[in-house]
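>>> A predicted structure for the sequence below; I have some questions about it.
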Amino acid sequence: MSDYEEDDAYGAEGNYMEEEVEDVEVTETAAAGTEDAANRSNVVVSGDVAAAAAAAASSSGTSAKAITGADRRTTPYMTKYERARILGTRALQISMNAPVLVDLEGETDPLQIAMKELAQKKIPLLVRRYLPDGSYEDWSVSELI
(Lines give C-alpha, C1' and ligand atoms only; values in the text may rest on other atoms or scores of the structure.)
Protein backbone atom coordinates (compact mmCIF):
# COMPACT_ATOMS: atom_id res chain seq x y z
CA MET A 1 0.00 0.00 0.00
CA SER A 2 1.15 3.49 -0.80
CA ASP A 3 0.97 6.57 1.36
CA TYR A 4 -0.31 8.49 -1.67
CA GLU A 5 -3.08 6.10 -2.60
CA GLU A 6 -5.95 8.56 -2.29
CA ASP A 7 -4.33 11.83 -3.37
CA ASP A 8 -1.91 10.74 -6.07
CA ALA A 9 0.90 13.30 -6.48
CA TYR A 10 1.12 12.62 -10.22
CA GLY A 11 -2.53 13.22 -11.11
CA ALA A 12 -5.23 10.74 -12.05
CA GLU A 13 -3.44 9.34 -15.13
CA GLY A 14 -0.05 9.06 -13.44
CA ASN A 15 1.42 11.89 -15.57
CA TYR A 16 3.87 14.30 -14.03
CA MET A 17 2.52 17.75 -13.29
CA GLU A 18 4.42 20.35 -15.28
CA GLU A 19 5.14 23.77 -13.88
CA GLU A 20 5.79 26.83 -15.98
CA VAL A 21 9.22 28.33 -15.42
CA GLU A 22 9.89 31.95 -16.25
CA ASP A 23 13.04 32.77 -18.20
CA VAL A 24 15.37 35.12 -16.38
CA GLU A 25 17.86 37.22 -18.31
CA VAL A 26 21.17 38.26 -16.80
CA THR A 27 22.41 41.61 -17.97
CA GLU A 28 26.03 42.15 -18.89
CA THR A 29 26.60 44.60 -16.04
CA ALA A 30 25.19 42.24 -13.42
CA ALA A 31 27.36 39.38 -14.68
CA ALA A 32 30.50 41.52 -14.66
CA GLY A 33 30.05 42.67 -11.04
CA THR A 34 32.44 45.21 -9.63
CA GLU A 35 35.55 43.78 -11.27
CA ASP A 36 36.22 43.25 -14.93
CA ALA A 37 35.05 39.77 -15.99
CA ALA A 38 38.17 39.25 -18.11
CA ASN A 39 40.39 40.04 -15.12
CA ARG A 40 38.59 37.51 -12.91
CA SER A 41 38.80 34.74 -15.50
CA ASN A 42 42.57 34.38 -15.19
CA VAL A 43 42.86 34.59 -11.39
CA VAL A 44 43.34 31.47 -9.25
CA VAL A 45 42.37 32.18 -5.63
CA SER A 46 44.71 30.94 -2.91
CA GLY A 47 45.42 31.68 0.73
CA ASP A 48 43.04 32.49 3.58
CA VAL A 49 39.54 31.36 2.59
CA ALA A 50 37.82 33.44 5.27
CA ALA A 51 39.67 36.57 4.17
CA ALA A 52 38.73 35.88 0.54
CA ALA A 53 35.06 35.57 1.48
CA ALA A 54 35.21 38.72 3.59
CA ALA A 55 36.90 40.64 0.79
CA ALA A 56 34.29 39.50 -1.72
CA ALA A 57 31.45 40.50 0.62
CA SER A 58 32.84 43.93 1.47
CA SER A 59 31.42 46.87 -0.42
CA SER A 60 34.65 48.88 -0.51
CA GLY A 61 36.81 48.99 -3.64
CA THR A 62 38.94 45.92 -4.19
CA SER A 63 41.86 47.83 -5.70
CA ALA A 64 42.48 49.54 -2.33
CA LYS A 65 43.34 46.19 -0.73
CA ALA A 66 45.73 45.05 -3.46
CA ILE A 67 49.38 44.80 -2.45
CA THR A 68 51.84 45.82 -5.16
CA GLY A 69 54.95 43.90 -6.16
CA ALA A 70 57.40 45.83 -3.99
CA ASP A 71 55.36 45.44 -0.79
CA ARG A 72 54.61 41.70 -1.05
CA ARG A 73 54.82 39.73 2.19
CA THR A 74 54.39 36.13 1.00
CA THR A 75 57.10 33.88 -0.41
CA PRO A 76 57.63 33.47 -4.16
CA TYR A 77 57.28 29.69 -3.86
CA MET A 78 54.30 27.95 -5.42
CA THR A 79 52.57 25.62 -2.97
CA LYS A 80 51.48 22.13 -3.99
CA TYR A 81 47.86 23.27 -3.68
CA GLU A 82 48.42 26.23 -6.00
CA ARG A 83 50.24 23.96 -8.45
CA ALA A 84 47.35 21.47 -8.47
CA ARG A 85 44.77 24.22 -8.94
CA ILE A 86 46.74 25.91 -11.71
CA LEU A 87 47.33 22.65 -13.59
CA GLY A 88 43.67 21.66 -13.26
CA THR A 89 42.41 25.07 -14.37
CA ARG A 90 44.77 25.22 -17.34
CA ALA A 91 44.03 21.60 -18.35
CA LEU A 92 40.32 22.42 -18.32
CA GLN A 93 40.96 25.48 -20.51
CA ILE A 94 43.02 23.41 -22.95
CA SER A 95 40.34 20.72 -23.11
CA MET A 96 37.84 23.46 -24.00
CA ASN A 97 40.02 24.45 -27.01
CA ALA A 98 42.00 27.31 -25.49
CA PRO A 99 45.15 28.12 -27.46
CA VAL A 100 48.18 26.06 -26.42
CA LEU A 101 51.29 28.12 -25.70
CA VAL A 102 53.95 25.40 -26.16
CA ASP A 103 54.89 22.95 -28.90
CA LEU A 104 52.69 19.86 -28.60
CA GLU A 105 55.18 17.26 -29.91
CA GLY A 106 52.41 14.67 -30.22
CA GLU A 107 50.84 15.29 -26.79
CA THR A 108 47.06 14.97 -26.63
CA ASP A 109 46.43 14.85 -22.86
CA PRO A 110 45.45 18.34 -21.59
CA LEU A 111 47.07 17.74 -18.20
CA GLN A 112 50.40 16.79 -19.80
CA ILE A 113 50.22 19.90 -22.00
CA ALA A 114 49.49 22.04 -18.91
CA MET A 115 52.49 20.49 -17.13
CA LYS A 116 54.68 21.32 -20.11
CA GLU A 117 53.39 24.92 -20.08
CA LEU A 118 54.10 25.17 -16.34
CA ALA A 119 57.65 23.85 -16.82
CA GLN A 120 58.24 26.57 -19.43
CA LYS A 121 56.39 29.18 -17.25
CA LYS A 122 53.98 30.10 -20.03
CA ILE A 123 50.66 29.68 -18.20
CA PRO A 124 48.69 32.96 -18.45
CA LEU A 125 47.15 32.79 -14.95
CA LEU A 126 47.50 34.82 -11.77
CA VAL A 127 47.61 33.41 -8.25
CA ARG A 128 45.69 35.64 -5.84
CA ARG A 129 46.83 35.08 -2.27
CA TYR A 130 44.46 36.49 0.33
CA LEU A 131 45.95 37.59 3.64
CA PRO A 132 44.18 37.50 7.03
CA ASP A 133 43.62 41.28 7.02
CA GLY A 134 41.55 41.03 3.81
CA SER A 135 44.22 42.35 1.45
CA TYR A 136 45.63 40.23 -1.35
CA GLU A 137 48.71 39.76 -3.49
CA ASP A 138 48.62 38.81 -7.16
CA TRP A 139 51.48 36.64 -8.41
CA SER A 140 51.83 35.60 -12.03
CA VAL A 141 52.76 31.97 -12.57
CA SER A 142 55.98 33.05 -14.28
CA GLU A 143 57.07 34.84 -11.06
CA LEU A 144 56.59 31.80 -8.81
CA ILE A 145 59.33 29.22 -8.29
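Arrived safely, thanks for sending.
>>> is it true that R90 touches Q112?
No - if you go by CB atoms under 8 Å, R90 and Q112 don't touch, sitting 11.3 Å apart. For every residue, glycine as well, the C-beta is placed using N, CA and C.
>>> comparing those two, which shows the higher neighbour count?
R90 (26 against 14; other CB atoms under 10 Å).
>>> ok, the nearest residue to that one once chain neighbours are set aside - contacts?
Among residues not flanking R90 along the chain, A114 sits closest, at 4.1 Å (CB to CB, 6 or more residues apart in numbering). Listed by CB atoms under 8 Å, 6 or more residues apart in numbering, the contact set of A114 reads I86, L87, R90, A91, I94, I123.
>>> repeat that for 6 Å
Shown in contact with A114 (CB atoms under 6 Å, 6 or more residues apart in numbering): L87, R90, A91.
>>> nearest to I145 among those?
Nearest to I145, judged by CB to CB, of these is L87 at 15.8 Å.
>>> element containing that closest one?
helix 80-95 (DSSP states H and E).
>>> who touches that helix?
With contact meaning CB under 6 Å, 6+ apart, helix 80-95 is reached by V44, S46, P110, L111, I113, A114, I123, L125, V127.
>>> same question for the helix or strand that comes right after it, mean pLDDT?
Using DSSP H and E, the helix or strand that follows helix 80-95 towards the C-terminus is helix 110-119. Averaged across helix 110-119, pLDDT comes to 97.
>>> quick one: helix 110-119 to helix 80-95, angle?
Orientation check (axes from the mean of the first three to the mean of the last three CA atoms, to 10 degrees): helix 110-119 against helix 80-95 gives 120 degrees.
>>> residue boundaries of the strands in this structure?
In the chain, the segments counted as strands under DSSP state E are 43-47, 66-67, 126-130, 136-140.
>>> tabulate those strands (CSV), appending mean neighbour count and distance to G106.
Conversion of the strands of the chain to CSV gives the following (neighbours: other CB atoms under 10 Å; distance: least, CB to CB, whole Å):
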stretch, mean neighbour count, distance to G106
strand 43-47, 18, 28
strand 66-67, 14, 41
strand 126-130, 21, 30
strand 136-140, 19, 29
